[in-house]
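# Sharing a sequence plus its predicted fold:
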Amino acid sequence: MPEDFKGFEEPADWLTFDEVERLLGAFARLGLQRVRMTGGEPLLRRHLPELARRITALPNINDLSLSTNATQLDKHSVALKAAGVSRINVSLDSLKPERIKAITGRDALPDILNGLAHANAAGFSPIKINMVAMKGTNDDEIDDMVAYCIDQGFTLRLIETMPIGDTGRNTAYLDLQPVKARLAEKFDLIEASFHGAGPARYLATPDGAFSVGFITPISQHFCETCNRVRLSVDGTLYLCLGQDDKFEFRPLLRGGITDSELEDAIRLALTHKPERHEFREQPHKILRFMSMTGG
């Protein structure tokens, strides 16, 4: 998110919890089973555990997870676990306070580590650490992060930067394929498969006690298996991070649409999901910010 970013949605534009519940209920009737709450920072949304409770109560929804920067987890871990959130992903790009401050704009590392401790105590499993690997910024810390996650019992996921907005395009890209080969040799890791719906490809220790995933939208894209869409806070459904295809649900929800018509609208929206992104071919194509789209 750029330092001068001012494009935050106003509460009047947000879907209410009732609207989110209704829309996800329609998705669930059509086959949706997994939901992730993300952002921006989702824990800044007031009463988020209540929304989590509503989502997990929907028929057919059998997995609710959360992506967070962890700075608010000390306050909300117990309530989120009780509401049915089973798994969390935490953004942590460095273990050095000065680097976290440079990356996030504030001295957040103590709050992140404290939040992780509370999440662990609350019983979340697995806890996944998402580290965006940036050449010249934190690539010298990858081995340290592996060691930290082994010690804490966390799953590590290394992520390649995507050219979304100026922030993404100005971040030095690091190809994770050589990193994957090096870590496999150094930490005695082998190819592994894990049950889940995400795009990560995993290595693990032979006993399965530790695993590291690689999310590689540039060096080894996963478009052919992508079954994800993103619903923004204002009711816009984004069909792909690397394309402009989208569908507006808020006007329909506030215009008296019936449940049957809502399901038809979802079917129509999903026909616009593109075959693949074009991050390599057209890196300047997408101008929106991830903080507005959802991570």
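That came through, no problem.
# For the stretch 51-200 of the chain, which segments are assigned as strands?
Ranges of strands within the stretch 51-200 of the chain are 63-68, 87-91, 127-133, 155-160, 190-192, based on DSSP state E, counting those that start in this stretch.
# Reformat these as JSON lines; add mean pLDDT and mean neighbour count.
The way it works is simple: take the backbone N, C-alpha and C, and place the C-beta from them, glycine included. Shown next, in JSON lines, are those (pLDDT from 0 to 100; neighbours: other C-beta atoms under 10 Å):
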{"stretch": "strand 63-68", "mean pLDDT": "96", "mean neighbour count": "21"}
{"stretch": "strand 87-91", "mean pLDDT": "96", "mean neighbour count": "21"}
{"stretch": "strand 127-133", "mean pLDDT": "96", "mean neighbour count": "21"}
{"stretch": "strand 155-160", "mean pLDDT": "94", "mean neighbour count": "22"}
{"stretch": "strand 190-192", "mean pLDDT": "93", "mean neighbour count": "12"}
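# Which one of those lies nearest to T16?
Between T16 and the strands of the stretch 51-200 of the chain, the tightest spacing by C-beta to C-beta is seen for strand 63-68, at 18.6 Å.
# gap between that closest one and the chain center?
8 Å (C-alpha atoms, centre = their mean, to the nearest Å).
# ditto for stretch 261-277
Worked out by C-alpha atoms, centre = their mean, stretch 261-277 lies 21 Å from the chain centre.
# In a markdown table, list the strands of the stretch 51-200 of the chain along with distance to P274.
Formatted as a markdown table, these follow (distance: least, C-beta to C-beta, whole Å):
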| stretch | distance to P274 |
| --- | --- |
| strand 63-68 | 23 |
| strand 87-91 | 25 |
| strand 127-133 | 24 |
| strand 155-160 | 19 |
| strand 190-192 | 29 |
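# mind checking which of these is nearest E261?
For E261, the closest of the strands of the stretch 51-200 of the chain is strand 63-68, at 26.4 Å, according to C-beta to C-beta.
# Pull the residues that contact the closest one.
Strand 63-68 is contacted from outside by 33-39, 41-43, 52, 55-56, 80, 84-91, 115, 130, 295, using C-beta atoms under 8 Å, 6 or more residues apart in numbering.
# quick one, phi psi at the residue lying closest to Y173 once chain neighbours are set aside?
Once flanking residues are discounted, Y173 sits nearest to T161: 5.4 Å by C-beta to C-beta, 6 or more residues apart in numbering. When read as degrees, to the nearest 10, the backbone of T161 gives phi -70, psi 150.
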